[in-house]
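Here is a sequence together with a model predicted from it:
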Amino acid sequence: MIPLIQKEINSFVLLWNSHRIRKQSDTVLPDGIPNHIYNFPENYDLRECGWKVSDEQLREVAELSGVLQVHDDYLDSVFRAQCERLLPDPSNLEPADCGTAFLFLCEHI
C-alpha cells in the first residue's frame, strides 16, 4: 500500500503547492502560489537560502549514516509475495477502495 500512499501524497503536494494562498492578517508569510513563491522569492521580498549539495557529499553522508545498508522493504518477503499474488498492482487502487482491499487481504492471507 505504500506506493498508493505515496501517489496520494504526491497528488496532494501538487495540488496544494499550485493553489493560491489568500492574504492573511497577522502573518509574515507571503500570499500567492507556493510553487511561484519558491521559484521566484525575490518577487516576494524573500531570498533563496538553500545551498547546493553534490552527489559526492550525499554519498559521504549516506556512508557515514549507514542509511544505504538498511533493508528498504517494509514487508517480509513471503508476506509480500502473498499480497502481490492477491493484489498485483495496488497503485491502481483508489483511496476509497483501500479499506476493502485491506479486508480482502486479511481474509485471504
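Everything's here; your move.

Which parts of the chain are helices?
Using DSSP state H, the helices of the chain run over 2-17, 34-39, 55-65, 77-86, 98-108.

just so I know, which of those lies nearest residue 49?
Using Cβ to Cβ as the measure, helix 34-39 is the one of these that comes nearest residue 49, at 11.3 Å. The C-beta positions use only the backbone N, C-alpha and C, and glycine is treated the same way.

For the closest one, which helices and strands make contact with it?
If you count contacts as 3 or more Cβ pairs under 8 Å, 6 or more residues apart in numbering; DSSP states H and E, helix 34-39 packs onto helix 2-17.

residues making contact with the helix it packs on?
33-35, 38, 74, 90-91, 93, 95, 98 (Cβ atoms under 8 Å, 6 or more residues apart in numbering).

from those, which is closest to residue 45?
Using Cβ to Cβ, the contacts of helix 2-17 come closest to residue 45 at residue 38, 14.3 Å.
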